[in-house]
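Engineer: this one's structure only:
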């Protein structure tokens with residue numbers, strides 16, 4: 001049986017350019033921190049990769065800090081900015097974020113609450129998953145001098161809603177409050193311009209854009225103090241010590257460059273497939289409900305994201321039934337897959353526990369085709385019927 005992969009938001013296949021860049025360096029010896037010829041060659045690869053990423057995201061090369069991926073970058077941004085800001089002024093203990101952030105943001109914030117006296121405020125979102133700017137404004141203006149950092153993701157990993165990050169920056173900037181954004185899902189899918197939007201720190205990772213696992217970056221303004229989590233050799237502006245993975249960084253940069261270069265054509269093609277998928281799913285299952293942005297905001301949804309609720313089904317059961325037919329999708333964030341609890345994102349939208357447990361995410365990517373959509377539609381109807389029957393028997 002040939003598998004149909006509809007889980008690109010969890011990870012997407014490596015691009016040929018990234019595979020070539022990684023393999024070209026795998027046989028080379030040289031620590032980029034060494035001063036001899038092999039080390040200098042490795043350093044040149046790293047610095048050229050840094051320049052490539054910076055050009056793609058419209059930032060300065062010195063603002064690109066290589067990390068092991070999105071989770072480390074989010075932790076480094078939130079903890080590092082919080083510690084630095086609070087060290088400069090002990091009154092800065094508040095952290096503002098949305099209720100629909102990835103757990104790579106939410107869990108560090110819980111840790112800061114429990115161990116570093118942070119006061120975390122999770123801001124509500126509307127029915128489409130977009131942050132309420134009026135609530136954010138009120139939260140900032142209540143006591144701006146007490147806010148250490150604001151974190152609002154560029155686009156949601158589960159429902160695909162794109163957030164008004166530029167407007168968030170506009171609210172924060174007059175008060176000198178730094179803004180971090182988790183752009184893991186956004187880079188290569190929608191336009192991402194670090195300088196133009198004005199955020200202070202931005203998270204991205206390799207395996208979401210067609211690069212290798214285990215490598216990513218935190219783009220952080222040089223003017224912003226960030227306390228490191230790792231101490232050692234002082235690599236990466238002394239923000240992130242550790243020997244750099246030269247092959248992975250080369251592949252990461254190649255993937256970012258290719259994904260950003262092809263973003264417009266990619267988005268047009270994949271959004272067309274996504275719209276066709278949603279139309280045909282709702283034709284086969286008329287009760288299916290699309291979650292997230294429904295066209296309220298132009299470009300307000302990631303092009304490859306289709307997140308739907310199937311009333312009367314257990315999402316896990318429907319996923320496994322589809323998997324048995326060769327259709328691979330997700331119940332939400334891969335990082336929390338298998339955990340028997342409803343999605344915090346859907347609950348924040350106002351969904352009931354039952355609806356939150358009855359949802360699936362179909363995410364398309366650069367290898368997706370019309371045949372993938374056809375295969376899903378062919379398998380979906382009977383799988384929904386079986387999932388509903390199984391759910392009815394357990395009630």
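Structural biologist: Thanks, I have it. These numbers come from a predicted model, not from an experiment. Numbering: from 1, shown residues only.

Engineer: Start and end of stretch 112-121, how far apart?
Structural biologist: 12 Å (Cα to Cα, to the nearest Å).

Engineer: For that stretch, buried residues please.
Structural biologist: Neighbour-count burial for stretch 112-121 flags 112, 118, 120-121 (criterion: 16 or more other Cβ atoms under 10 Å). (C-beta placed from N, C-alpha, C; glycine too.)

Engineer: Among those, which lie within helices?
Structural biologist: If you go by DSSP state H, those have residue 112 in helices.

Engineer: how about the buried residues of stretch 112-121 in CSV, adding pLDDT?
Structural biologist: Shown next, in CSV, are the buried residues of stretch 112-121 (pLDDT from 0 to 100):
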residue, pLDDT
112, 98
118, 98
120, 98
121, 98
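
Engineer: And the buried residues of stretch 112-121, which is closest to residue 57?
Structural biologist: Distance to residue 57, by Cβ to Cβ, is smallest for residue 112 among the buried residues of stretch 112-121, at 26.7 Å.

Engineer: What is the burial count for the closest residue to residue 47 other than its chain neighbours?
Structural biologist: Ranked by Cβ to Cβ, 6 or more residues apart in numbering and with sequence neighbours excluded, the top spatial neighbour of residue 47 is residue 61, at 7.4 Å. Neighbourhood size, residue 61 [other Cβ atoms under 10 Å]: 14.

Engineer: Next one, pLDDT for residue 61 please.
Structural biologist: If you check residue 61, the pLDDT there is 98.

Engineer: does residue 135 count as helix, strand or coil?
Structural biologist: On the three-state scheme (DSSP: H, G, I helix; E, B strand; the rest coil), residue 135 is labelled helix.

Engineer: how deep is it tucked in, by neighbour count?
Structural biologist: 15.

Engineer: Reformat the buried residues of stretch 112-121 as JSON lines; add distance to residue 380.
Structural biologist: Output for these, formatted as JSON lines (distance: Cβ to Cβ, whole Å):
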{"residue": "112", "distance to residue 380": "42"}
{"residue": "118", "distance to residue 380": "44"}
{"residue": "120", "distance to residue 380": "39"}
{"residue": "121", "distance to residue 380": "40"}
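
Engineer: Pull the distance from stretch 385-394 to the chain's centre.
Structural biologist: 33 Å (Cα atoms, centre = their mean, to the nearest Å).

Engineer: Kindly report the same for stretch 306-317.
Structural biologist: 22 Å.

Engineer: Let me know the average pLDDT across that stretch.
Structural biologist: Stretch 306-317 comes out at a mean pLDDT of 95.

Engineer: Please verify my assumption that residue 231 contacts residue 241.
Structural biologist: Yes - at 5.7 Å, residue 231 counts as touching residue 241 under the criterion of Cβ atoms under 8 Å.

Engineer: give me every residue that touches residue 291.
Structural biologist: 129, 159, 307-309, 346, 349, 351, 359 (Cβ atoms under 8 Å, 6 or more residues apart in numbering).

Engineer: For residue 43, state which of those residues is nearest.
Structural biologist: residue 159 (41.4 Å).

Engineer: Would you mind measuring from residue 234 to residue 156?
Structural biologist: 36 Å (Cβ to Cβ, to the nearest Å).

Engineer: quick revisit: same drill for residue 231 and residue 241, tell me which one is more crowded.
Structural biologist: Neighbours per residue (other Cβ under 10 Å) separate residue 231 from residue 241, with residue 241 holding more: 14 against 10.

Engineer: burial of the residue nearest to residue 348 when sequence neighbours are not counted, as a residue count?
Structural biologist: Spatial nearest neighbour of residue 348, chain neighbours left out: residue 99 (4.1 Å); criterion: Cβ to Cβ, 6+ apart. By other Cβ under 10 Å, 17 other residues sit near residue 99.

Engineer: where along the stretch 201-350 of the chain do the helices fall?
Structural biologist: 246-261, 263-284, 315-324, 344-348 (DSSP state H, counting those that start in this stretch).

Engineer: Can you convert the ones you listed into TSV and add a column each for distance to residue 44 and mean neighbour count?
Structural biologist: Putting the helices of the stretch 201-350 of the chain into TSV (distance: least, Cβ to Cβ, whole Å; neighbours: other Cβ atoms under 10 Å) gives the following:
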stretch	distance to residue 44	mean neighbour count
helix 246-261	10	26
helix 263-284	27	16
helix 315-324	45	19
helix 344-348	42	22
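
Engineer: between the ones you listed, which one is nearest to residue 379?
Structural biologist: helix 315-324 (6.0 Å).

Engineer: for that closest one, packing partners?
Structural biologist: strand 359-363, helix 370-393 (3 or more Cβ pairs under 8 Å, 6 or more residues apart in numbering; DSSP states H and E).

Engineer: Now do the first one: which elements does it pack against?
Structural biologist: Using 3+ Cβ pairs under 8 Å, 6+ apart as the contact test, the elements touching strand 359-363 are strand 305-309, helix 315-324.

Engineer: pLDDT averaged over it, what's the number?
Structural biologist: 97.

Engineer: what's the angle from that strand to helix 263-284?
Structural biologist: 140 degrees (axes from the mean of the first three to the mean of the last three Cα atoms, to 10 degrees).
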